[in-house]
Every structure is written in C-alpha cells, then in structure tokens.
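In: Provided below for reference: sequence and predicted model.
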Amino acid sequence: MTEAIAVDLEGRRLRVGLDVGGTKIDAVAVAPDGDVRARLRRPTGWGAEAVVENIAAAVTALAAEAGIDAAAVSSVGIGIPGLVDVATGRVLHAVNLGVESLDLADRVADRLRVPVRVENDVKAAALGAAALRQIDGSMAFLNLGTGVAAGIVVDGVIWRGSRGTAGEVGHLSVDPNGRLCSCGQRGCIETLCGGGALARAWAVPGALPVLDILDAAERGDVRARALRADLFNGAAAAVRALVLSADVERVIIGGGLTALGDRLLSGVRTALQAGAEASSFMRSLHLDDRIELLPAGSPAAAFGAALVGASTPLKEIVTHG
C-alpha cells in the first residue's frame, strides 16, 4: 500500500519516521506543522544488513513519493522492537528481525547523511498516538499484539522511569498459578491477552487465531469462552495497572489485536466494569471511560518515530492527523 501527498509549495524540510516491524516498514514524511506529507510501506527484510538497507531505501523512496529531493529530509527517526539504547541508537535482541546487536543510528546516518535517532517501537507509538489524538497531560499506549507492551507519555515526553521500563505491564504477574510465560514467570498479563499466548493455548491452526477464538466463543465453545475471558480480563488488568501506577488520563489500545474492533473494546470495558462492581474506589476511577482504540490504519508509530528523530516535544507542533 502506498499513499503520497505532494510536499507543500514552500519546500519546507521534512522529518521522516519509520516503524520497523517484523515484516514491513511503515514510513511517513512529516512537515514542521505536523502534516503527514507522504506515506509508504515496504518489506523489512531479515538480518542486520537487510534491515539497514531497507530502512535507507524506504527513506529514499518516501522522498520520491513526496516529490522532493532526499536532501530535503532534515531528520530520521526509527521505531524498532528490541532493547534500544536511545543515547547511542544501538539495538539489541530484536529477535523478530534477526538482529542481535546493531548500531542502527550510525549505520543509517552513514548511508543517508542526516541525523538519525532510534527508539523502541512501542514508546514511539505512544508518542505518536498522543500527538495524533492531541492528548495533553498524561496517557498510556497499550500495545496488544503477539506480545503485550506499553509506553507512557507525560506532557509530550516519553516517561521511561529509572531504567527505561516504565509502563511495561506485559510481564506483570497477576496469577502465580497461571500459564508459563516466555519470561519465566507464571500468569503474566501477556499470557492472558497476548496474541501469541492465546494462539498457543488455542492450538487450532488458523490465520487469525484470536478471531477464531472469539467466533468459537460466540458459538458456545467452552474452551474458547475461557480464552475470550482471559483476553478481556488480561487487557483490563493492564489498563488498571497503567492507571493505578501512573494515573494516566487516557489509555489508547493499539497493536494487531485492534483488528477485532468493537468486540475487543466492548469486552475490555465490560471486564473493567465487572472488576469495579465491588469497589467504590475503582468505580470512581471510571476506567471504562478512559480507554479507546487506535483507529485502524493509524500512522501513530511512524509519526512518533518522526518526532523522536526531530526531538520535538508535542506542544511545539500542531497535528492534522
């Protein structure tokens, strides 16, 4: 899929942001006023060399789609899974990309001759979601995909905590007798509402296992109903953890499971309401009113990466997303 919008007539310099996923790169060119001027998607590739090559090629192709010279690109920001040292731009253990250790910022900057910054993909998505939804104050981005992760943004800045793990609720254990998690604990939130964990528990071949679970649950399948309850209750537990620990005003849910649409949103809301029935304190928090789904097709992750690349606080731009 490729979408292109011509650059503005004044020829202002563009910030490029790239969301590097396991199979594709989502790239956007963003004008200083926050307008997305061009967008394209292309394959990621496998291994460090392919990732660097395809990122550089995506930037060049994006400039061409926007009808500008690549020299008009003023900065590049990259959101990527794995452990990211934001000071150096080094990426570690991006296993879904075949990358063990890669000085990504330096490698891409050498290719493109522009400043490059790198951020964890979920934290970049949190920043982008806050900008595109024009959220002041505090918010959390809860990514429900193969795994579960979250990022927190406060006053337009990513809140990392003392060791960079602020908001990472996926490996918060909520049931010590629950399913074994890949991290070694039992009953992590990710084992309840992560797409990979649900697919393993379902153990029925299919292109979209979580969708199959919901469909089977609606037909009355007992095991599917139990897994559906895990999905909704696990996501509700993540929302509670984010709000109770950081008191964020909004929790925006993104990631691959948002393809479930209102079935996911209404299920999580119902679980939050049920969990608050016995507690006037929890009812006073109105958690069910503080969640929303990221719109389908949103460029939030790539947009956030563009902000990272430009090191631009949200309050300094006006978005038109």
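Out: That came through fine.
In: For Gly218, give its distance to Pro209.
Out: I think there's a mix-up here, since residue 218 is Glu and not Gly. 15 Å (Cβ to Cβ, to the nearest Å). (C-beta placed from N, C-alpha, C; glycine too.)
In: Please disregard the earlier target; I meant Gly304.
Out: Distance, Gly304 to Pro209, by Cβ to Cβ: 28 Å.
In: Val248 now?
Out: 30 Å.
In: Same drill for those two, tell me which one is more crowded.
Out: Val248 (24 against 18; other Cβ atoms under 10 Å).
In: which phi and psi does the more buried one have?
Out: Main-chain torsions, Val248, degrees, to the nearest 10: phi -70, psi 150.
In: Val239 is in contact with that one, correct?
Out: No. Taking contacts as Cβ atoms under 8 Å, Val248 lies outside contact range of Val239: 9.6 Å.
In: Return every residue with contacts to both of these two.
Out: Residues touching both Val248 and Val239 by Cβ atoms under 8 Å, 6 or more residues apart in numbering: Arg290.
In: Let me see the ranges of the strands in the stretch 151-300 of the chain.
Out: Assigned by DSSP state E, counting those that start in this stretch, the stretch 151-300 of the chain shows strands spanning 157-159, 250-254, 291-293.
In: Now do stretch 274-290: distance to the chain's middle.
Out: 26 Å (Cα atoms, centre = their mean, to the nearest Å).
In: Now it: buried residues?
Out: Neighbour counts over stretch 274-290 (16 or more other Cβ atoms under 10 Å) mark 275-276, 282, 285, 287-288, 290 as buried.
In: Identify all contacting residues around that stretch.
Out: Contacts of stretch 274-290 (Cβ under 8 Å, 6+ apart): 233, 236, 239-240, 243-244, 248-251, 269, 272-273.
In: Try it again at 7 Å.
Out: Under the contact criterion Cβ atoms under 7 Å, 6 or more residues apart in numbering, stretch 274-290 has outside partners 236, 239-240, 243, 249-251, 269, 272-273.
In: spatially speaking, which residue is in the middle of the protein?
Out: Compute the mean C-alpha point of the chain, and by Cα atoms, centre = their mean the closest residue is Val122, 3.7 Å away.
In: average pLDDT for the helix or strand harbouring that one?
Out: With secondary structure defined by DSSP states H and E, Val122 is part of helix 121-132. Over the span of helix 121-132, the pLDDT mean works out to 96.
In: cool, stretch 46-55 as well?
Out: 97.
In: Which pair in the contacts of stretch 274-290 has the greatest spatial separation?
Out: Between any two of these, the greatest separation by Cβ to Cβ is 18.8 Å, found for Glu249 and Gln273.
In: How far does the helix holding Val122 sit from its chain's centre?
Out: So, by Cα atoms, centre = their mean, the centroid of helix 121-132 is 7 Å from its chain's centroid.
In: name the helices or strands packed onto it?
Out: Judged by 3 or more Cβ pairs under 7 Å, 6 or more residues apart in numbering; DSSP states H and E, helix 121-132 is in contact with strand 14-20, strand 73-80, strand 138-144, strand 148-154, strand 157-159, strand 250-254, helix 300-310.
In: that older thread, just the buried residues of stretch 274-290: which are in helices?
Out: Secondary structure defined by DSSP state H assigns 275-276, 282, 285 of these to helices.
In: Adding pLDDT and distance to Val114, write those out as JSON lines.
Out: Shown next, in JSON lines, are those (pLDDT from 0 to 100; distance: Cβ to Cβ, whole Å):
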{"residue": "Gly275", "pLDDT": "96", "distance to Val114": "48"}
{"residue": "Ala276", "pLDDT": "97", "distance to Val114": "49"}
{"residue": "Met282", "pLDDT": "97", "distance to Val114": "48"}
{"residue": "Leu285", "pLDDT": "97", "distance to Val114": "44"}
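In: Of those, which is the nearest to Ser74?
Out: Proximity of those to Ser74 was ranked by Cβ to Cβ; the top entry is Leu285 with 42.0 Å.
In: From Leu198, how far out is Leu211?
Out: Counting by Cβ to Cβ, the gap from Leu211 to Leu198 is 10 Å.
In: Please identify which of those two sits among more neighbours.
Out: Leu198 (23 against 15).
In: Could you check how far the closest residue to the more buried one other than its chain neighbours is from Arg263?
Out: When the adjacent residues along the chain are set aside, Leu198 lies closest to Val210, with 5.4 Å between them (Cβ to Cβ, 6 or more residues apart in numbering). Remark: distance between Val210 and Arg263 (Cβ to Cβ) = 10 Å.
In: Not counting sequence-adjacent ones, nearest residue to Thr270?
Out: That would be Phe232: by Cβ to Cβ, 6+ apart, it lies 6.8 Å from Thr270.
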